[in-house]
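> predicted model and sequence follow; I will ask about them next.
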Protein chains: 2
Amino acid sequence: MSGNSAKTTDKPESILRKTLSATVESDIEQRIVEGVYGPGDRLDEEELSAKLGVSRTPVREALRKLAAHGLVTIRPRAGATVARPSMAEIIDLFEVVSELEAFAARLAAHRATDTQMRAIQQAYKACGKLAASKDAQAYFDANRIFHGAIWAAANNPALTEQIMSVDKRLAPYRRQITFHPTRKQDSESEHDQIAQALAARQQDVAERAMRDHVMILSDDALQLARDLRI
Amino acid sequence: MSGNSAKTTDKPESILRKTLSATVESDIEQRIVEGVYGPGDRLDEEELSAKLGVSRTPVREALRKLAAHGLVTIRPRAGATVARPSMAEIIDLFEVVSELEAFAARLAAHRATDTQMRAIQQAYKACGKLAASKDAQAYFDANRIFHGAIWAAANNPALTEQIMSVDKRLAPYRRQITFHPTRKQDSESEHDQIAQALAARQQDVAERAMRDHVMILSDDALQLARDLRI
DNA sequence: TCTGTAATTATTGTATACAAGAGCAACAGG
DNA sequence: CCTGTTGCTCTTGTATACAATAATTACAGA
């Protein structure tokens, strides 16, 4: 058994043999990331089990896993809620993710295969087209694909995992930004710098551009959060 | 020693209201980090529940949480085992943690309070004293305290959390190194550089020194792993 | 009306029972 | 001797029952 485990592409979401609990987890997670359940919302076990058509047991296990990832807060004997990080925590998380993404960009500049590089450039162009459009959700998704292509090109699955983990926790706050009309254009010029640096395989430039890009996003998110009194 | 583990051992996470599952989790985690259960070892639910004096339910929840942290691998319907990352995955994890620790060092150089700085220097000295000693475990612990003091001085709890998470997964491999006699001396000169840079609040130097320190550790760990055919 | 306390309620934490699939062993056939 | 199949066993996955406690409400007294 220890022989050729080969390349078990250890994807976070890889569900080879579907167990119920796995689908329950991704189901709840999706609702949180998509904003169906917002920060602070109560996650009643019975309610969820009824909604998902399973008993409390798999729901509980899913909630525990999500809590381990920081997406959900569980207070003993007081139930689970969608995590509601304080302003300070949000700042900290953005700081971490900006560093990780910057590192991913550096690695990508160094290690991206030709195929991966093409994927990045393609995702960049797709973003550009949607920047002008009114469809914020489409741009949000395209943006995610662009970043995801860079994470993949870093060729470090553990790094990707870490970034995605932190990113999920920030999803509610990033989402807000996307709906600000001016942000998309600014974001595009930043994406342009990143894409160019990567294409030229300039590690330092790519790293710095990515860090700045995420930090600007962070500033905007925080400003918005402040305005909205989150 | 099946006796009740009412003794709250050294737990970094403060548990306000102790629930059984919480203690079960840290109990299993401790056994993994301390090497009682090594990579690949099977974690039988019934066996653990008997050993810990609880039913399967809390054991299962604990295992799920540990799996979420990457410390345990769960294959559906095939049980849980202590995670056994491939060589490639170990490299990736070291790469991530070196970057995170380097970032923590940078932040610490910038943000450490005087008290925090004193704690770092104190931990550094404690390491130095133990470097010459034969007590590998004591040095291992002192080393952890030194690094922990720097993480704390970065004043970014989210970053500390990430580092600790990755660090736990690497514990079995780091542990090996500590028992290599030459490593301790080398490590000390590296610690010296880090401590000096922090004291002088030189962000760039501290960052680089820490990155190099962890990467050297990584190289040694991998060499050793290779020798031991892990 | 406000406040502190006590009973109540509702939800979580844990244990146990049952169902279902994976792994193993015995065995038949080559 | 090896190999593929078949049935059994053992562990996990899920459901449900019960216990314990946090939150809420009702109420008495100021």
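Looks like it arrived, so ask away.

> any low-confidence regions in chain A?
Counting by pLDDT under 70, chain A shows low-confidence ranges at A:1-18, A:229-230.

> once you drop chain neighbours, what's closest to the spatially most central residue of it?
By C-alpha atoms, centre = their mean, chain A has its centre lying nearest to A:D167, at 3.3 Å. Leaving aside its sequence neighbours, A:D167 sits nearest to A:V97 (C-beta to C-beta, 6 or more residues apart in numbering or on different chains; 6.1 Å). Using the backbone N, CA and C atoms, a C-beta is placed for each residue, glycine as well.

> so what's that neighbour up against?
Neighbouring residues of A:V97 by C-beta atoms under 8 Å, 6 or more residues apart in numbering or on different chains: A:163, A:166-167, A:170, A:214.

> out of the residues you listed, list just those in helices.
Counted as lying in helices by DSSP state H, out of those, are A:163, A:166-167, A:170, A:214.

> okay if I get those residues as CSV plus distance to B:A136?
Output for the ones in helices among the contacts of A:V97, formatted as CSV (distance: C-beta to C-beta, whole Å):
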residue, distance to B:A136
A:I163, 35
A:V166, 34
A:D167, 39
A:L170, 40
A:V214, 40
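
> between these, which sits nearest chain B?
Within these, proximity to chain B (C-beta to the nearest C-beta) peaks at A:V166, which comes in at 7.3 Å.

> distance of the closest residue in space to that closest one that isn't next to it in sequence from B:V33?
Spatially, and ignoring its direct neighbours in sequence, A:V166 is nearest to A:V97 (4.5 Å; C-beta to C-beta, 6+ apart). To B:V33, A:V97 is 26 Å away according to C-beta to C-beta, to the nearest Å.

> for A:L217, same thing?
Taking C-beta to C-beta as the measure, A:L217 falls 35 Å from B:V33.

> what about those two, which has more around it?
Counting neighbours by other C-beta atoms under 10 Å in any protein chain shown for A:L217 and for B:V33 shows that A:L217 has the greater number, 24 against 18.

> still on that earlier bit, tell me the angle the helix or strand harbouring the residue nearest to A:V166 makes with helix B:87-111.
With elements taken from DSSP states H and E, the one containing A:V97 is helix A:87-111. Relative orientation of helix A:87-111 versus helix B:87-111 (axes from the mean of the first three to the mean of the last three C-alpha atoms, to 10 degrees): 130 degrees.

> pull out the buried residues from helix A:87-111.
A:89-109 (16 or more other C-beta atoms under 10 Å in any protein chain shown).

> any idea which helix or strand comes after the host helix or strand of A:I177?
Per DSSP H and E, A:I177 falls inside helix A:157-178. The helix or strand immediately downstream of helix A:157-178 is helix A:181-199, counting by DSSP H and E.

> may I have that next one as CSV, with CA atoms only?
Extracted C-alpha coordinates of helix A:181-199, given in CSV (Å, rounded to 0.1, in the frame of the first residue of the first chain):
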residue,chain,number,x,y,z
PRO,A,181,-18.0,50.1,-10.1
THR,A,182,-14.7,51.9,-9.9
ARG,A,183,-12.8,49.1,-8.4
LYS,A,184,-13.1,46.9,-11.4
GLN,A,185,-11.1,49.3,-13.6
ASP,A,186,-8.4,49.8,-11.0
SER,A,187,-8.2,46.1,-10.5
GLU,A,188,-7.7,45.6,-14.2
SER,A,189,-4.6,47.7,-14.4
GLU,A,190,-3.2,45.9,-11.4
HIS,A,191,-4.0,42.6,-13.1
ASP,A,192,-2.2,43.9,-16.2
GLN,A,193,1.0,44.4,-14.2
ILE,A,194,0.8,41.0,-12.7
ALA,A,195,0.1,39.3,-16.0
GLN,A,196,2.9,41.1,-17.7
ALA,A,197,5.4,40.3,-14.9
LEU,A,198,4.5,36.7,-15.0
ALA,A,199,4.8,36.5,-18.8
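
> A:T73 in helix, strand or coil?
Under DSSP: H, G, I helix; E, B strand; the rest coil, A:T73 falls in the strand class.

> quick check: it touching A:A67?
Yes. Applying C-beta atoms under 8 Å as the test, A:T73 and A:A67 come out as touching, 6.7 Å apart.

> can you pull the residues of chain A lying near DNA strand C?
A:17, A:43-46, A:56-57, A:60, A:74, A:76-80 (C-beta under 7 Å from any atom of the strand).

> recalculate using a threshold of 10 Å.
A:1, A:16-19, A:42-49, A:55-57, A:59-61, A:63-64, A:74-81 (C-beta under 10 Å from any atom of the strand).

> in helices, which of those fall?
Checking those against DSSP H, those in helices are A:45-49, A:56-57, A:59-61, A:63-64.

> near DNA strand D too, which of those?
Among those, DNA strand D is touched by A:45-46, A:49, A:56-57, A:59-61 when using C-beta under 10 Å from any atom of the strand.

> can you redo those as JSON lines with distance to B:A138 and neighbour count?
Output for those, formatted as JSON lines (distance: C-beta to C-beta, whole Å; neighbours: other C-beta atoms under 10 Å in any protein chain shown):
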{"residue": "A:E45", "distance to B:A138": "45", "neighbour count": "16"}
{"residue": "A:E46", "distance to B:A138": "50", "neighbour count": "10"}
{"residue": "A:S49", "distance to B:A138": "49", "neighbour count": "17"}
{"residue": "A:R56", "distance to B:A138": "46", "neighbour count": "13"}
{"residue": "A:T57", "distance to B:A138": "44", "neighbour count": "16"}
{"residue": "A:V59", "distance to B:A138": "45", "neighbour count": "27"}
{"residue": "A:R60", "distance to B:A138": "40", "neighbour count": "22"}
{"residue": "A:E61", "distance to B:A138": "39", "neighbour count": "22"}
